[in-house]
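> below: sequence and its predicted model.
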Amino acid sequence: MPGRQGRPWQRDCLAWEPNAPLAVPSCVTRAHASVLILLGILLALLWLAPEVPLLGFAAVLLAVALRAGADPLARRTGLPGWAAVLIIAALVALAIGLAGWAAAGPLAEQARQLSAELPRSLEALRNRMAGTGWGDWLLRQAEPGQLLSGGGGADAAAAAAQAASSTLGGLGNLVLVVLLALYLAAQPEPYLRGLRQLFHPDLEPPVADTLTEAGTALRGWLLGQAVGMAVAGLLTWLGLMALGVPLAGLLATIIGLLNFIPIIGPLIGAVPAVLLALAQSPPLALWVIALVVAVQTIEGNFLTPMVQSRTADIPPALLLLVQVLTGALFGLLGVALAAPLTALGLVLVRRGYVQEWLGWPKEE
């Protein structure tokens, strides 16, 4: 039993065979039960109301971002934490407002042009494909126009109502996330203390350490994504301008914003740029694809890992699998939050299962 008796939640509840590599549970203590009960509640929430824990996690993510800016301000000025959070939130809102005001004119005009150019680009692409064997086959599979012409007026009205309802619901969720984040960031101590008290007292030290490491991992991931989004948008804008692709500013903004969702986001954001380039010439579309791949290679393999360092180093294959899983279970919101959920999950599995339960030593 050497090396394992010191773990409080394993004390007097695991029967160890002298030559057996694995331990066989012989009882369930209150420490075990506290973890199992919380895990069961989380699984029940994900099953019955999956949007609730996901929105809560989005609020936690935003709160971590606000505290990342507020903590240095509070240390340097002596302000209370809640005041520093409010100042940072006000500065962020002001920056977003000024950026939106400065870019509203050009981006709105480019958005109007994009809405006019994309249908023409799709029609030009359809004409290029028509008359070829593979093109006719693809057009038959796609059945363009069926969604617009086969539904009728009633279906169109229902679709418009559903779109309006989704938009209002999305705005309501956004307001809820922002309010929750402000509350969590302004006074995180009561919530963290309450969360620790849901576990057995014997688990308080490892739970506290795990929460600290989880916060560090989420901060590292957020910093890496923020830098990656800015650099990806800038490099894409410069590249599209050099290639002569129209609406370079708007297209680069779309790709930069969707870079928040690793791997899948930039691919989705590149679709309008590729379609516009394809309408001009297929070689230009290939150049756009090469540009996007090059920018994402630089950002994903060099820049973001360097910024995140060891705080949130997520294996790409694991991230892609989690994105597919969360997308299938929870839709678009699950895909958007897949990367930070993976970063958090890696910390919980490493600290709670690999080190505390299985007894593997902490990696240096």
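Here it is on my side, so go on.
> what about the stretch 51-200 of the chain, any weak spots by pLDDT?
Residues of the stretch 51-200 of the chain that meet the criterion pLDDT under 70 lie in 100, 102-111, 113-114, 116-118, 120-169.
> all the strands of it, residue numbers only.
With strands called from DSSP state E, counting those that start in this stretch, the stretch 51-200 of the chain shows none.
> T304 contacts Q225, doesn't it?
Yes - if you go by C-beta atoms under 8 Å, T304 and Q225 touch, sitting 7.1 Å apart. C-beta here means a position set from N, CA and C on the backbone, and glycine is covered the same way.
> more neighbours, those two?
T304 (25 against 22; other C-beta atoms under 10 Å).
> please identify the helix or strand for that one.
helix 304-308 (DSSP states H and E).
> that helix: how far from the chain's middle?
Relative to the centre of its chain, helix 304-308 is centred 16 Å away, using C-alpha atoms, centre = their mean, to the nearest Å.
> check which helices and strands that helix sits against.
With contacts defined as 3 or more C-beta pairs under 8 Å, 6 or more residues apart in numbering; DSSP states H and E, helix 304-308 has these neighbours: helix 204-243.
> just want the angle from the helix or strand containing T253 to helix 204-243.
Element membership for T253, per DSSP H and E: helix 248-258. Per axes from the mean of the first three to the mean of the last three C-alpha atoms, to 10 degrees, the angle that helix 248-258 makes with helix 204-243 is 160 degrees.
> which elements pack onto helix 248-258?
By 3+ C-beta pairs under 8 Å, 6+ apart, helix 248-258 packs against helix 81-129, helix 204-243, helix 264-280.
> of those, which stretch is the most buried?
helix 264-280 (a mean of 20; mean count of other C-beta atoms under 10 Å).
> just checking, next helix/strand downstream of that helix?
Toward the C-terminus from helix 264-280 - assigned by DSSP H and E - lies helix 282-298.
> in that following helix, which residues are buried?
284-285, 287-288, 291-292, 295-296 (16 or more other C-beta atoms under 10 Å).
> go on, stretch 72-82?
73-74, 81-82.
> over to stretch 322-338?
Per 16+ other C-beta under 10 Å, stretch 322-338 contains these buried residues: 322-323, 326-327, 330, 333-338.
> three-state assignment of E363?
coil (DSSP: H, G, I helix; E, B strand; the rest coil).
> what's around it, how many residues?
Neighbours of E363 using other C-beta under 10 Å come to 8.
> re earlier: can you list the buried residues of stretch 72-82 in JSON lines and add distance to L192?
As requested, those are exported to JSON lines (distance: C-beta to C-beta, whole Å):
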{"residue": "L73", "distance to L192": "20"}
{"residue": "A74", "distance to L192": "17"}
{"residue": "G81", "distance to L192": "13"}
{"residue": "W82", "distance to L192": "15"}
